[in-house]
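Q: predicted model, plus sequence, below.
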Amino acid sequence: MSTVDQFAVRLDDAVTSRIAIPSSGAGTGLDVPTAYRVQQAVVDRRLARGERAVGLKLGLTSRAKMTQMGVDEVIWGRLTDAMRIPDGGTVRLDDHIHPKAEPEVAFLVEGGAVTAVAPAIEVIDSRYVDFRFTLPEVIADNTSASGFVLGAWQPIPDGIDNLGVLLEVDGRAVQVGSTAAILGDPRRALSDAVRLADVNGVDLADNSILLAGAATAAVPLRAGSYVRVTVERLGTASLRVGS
């Protein structure tokens, strides 16, 4: 078994067992291209179990995050149908390791163009202990992708580059931000996604979902909580947290 396959098995086992693995830091020997090969192997294992690819997600879409990780471009991961949570649906903590939620904007991609937009929640869940990892490690871990909620699709409004974003837990505001935090304008996510998909031979097919990146910091999920994201002029998306 190759090193890529061995790493993929460790990460996939962490997902299915809900037991985090330690970060090896720089000692992994992973570079970014190899990390994406691991990511592909991880996702291939999910597809082999019957999941279906439905889109892409971007990460490190804020300048602050790029600076923190020492990179100058976004990273990306894959979405499958098994990750989708119905709007207002329930996320079980027992199905995750240490999940967090963050507010996002989602785009519907048809024919290589964005045709609709929706408020969204991404559930991230690192497979590494204490959410600690290097850049190649998080790429290999499919950029911590775990779940997502989509609000209602609608036409893209003018001024989407600076819409207010509110993340609430049990009716209390816990994060306030703007869509401007997503690459300065979340529509830039499409060009980045198309470029990255082309370079890496990924098919950004019709009816693909694109999560453009987080508008605020993520918050940990707690049993019994109700989480709602409101994006100005786009509406809401929500989930409940079960044990």
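A: Happy to help now that I have it.
Q: which residue ranges of the chain form strands?
A: Using DSSP state E, the strands found in the chain span residues 53-59, 75-80, 84-85, 90-92, 100-110, 113-124, 145-150, 164-169, 172-178, 208-214, 219-220, 226-231, 235-242.
Q: name the residues that touch the second one?
A: Spelled out, it's strand 75-80. Strand 75-80 has contacts (CB atoms under 8 Å, 6 or more residues apart in numbering) with 39, 43, 46-47, 51-60, 135, 138-139, 142-145, 148, 192-193, 196, 202, 209, 211. C-beta coordinates here come from the backbone N, C-alpha and C atoms, glycine included.
Q: measure how buried the nearest residue to Ala180 once chain neighbours are set aside is and give me the count.
A: With CB to CB, 6 or more residues apart in numbering as the criterion, Ala180 has its nearest non-adjacent residue at 4.7 Å, and that residue is Asn162. Neighbour count for Asn162, taken as other CB atoms under 10 Å: 12.
Q: so who does Asn162 touch?
A: Per CB under 8 Å, 6+ apart, neighbours of Asn162: 178-180.
Q: now render those as JSON lines, adding neighbour count.
A: Shown next, in JSON lines, are the contacts of Asn162 (neighbours: other CB atoms under 10 Å):
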{"residue": "Ser178", "neighbour count": "15"}
{"residue": "Thr179", "neighbour count": "28"}
{"residue": "Ala180", "neighbour count": "17"}
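Q: Thr216: which of those is nearest?
A: Ser178 (8.8 Å; CB to CB).
Q: for that closest one, give its distance to Asp161.
A: 9 Å (CB to CB, to the nearest Å).
Q: got it, and Arg92?
A: In terms of CB to CB, Arg92 sits 36 Å off from Asp161.
Q: before we move on, the earlier item: and which of the contacts of Asn162 is nearest to Ile19?
A: Distances from Ile19 to those, taken by CB to CB, are shortest for Thr179, at 36.0 Å.
Q: quick one, phi psi at the closest residue to the closest one other than its chain neighbours?
A: Sequence neighbours aside, Leu163 is the residue nearest to Thr179 in space, at 4.5 Å (criterion: CB to CB, 6+ apart). Main-chain dihedrals, Leu163, degrees, to the nearest 10: phi -100, psi 140.
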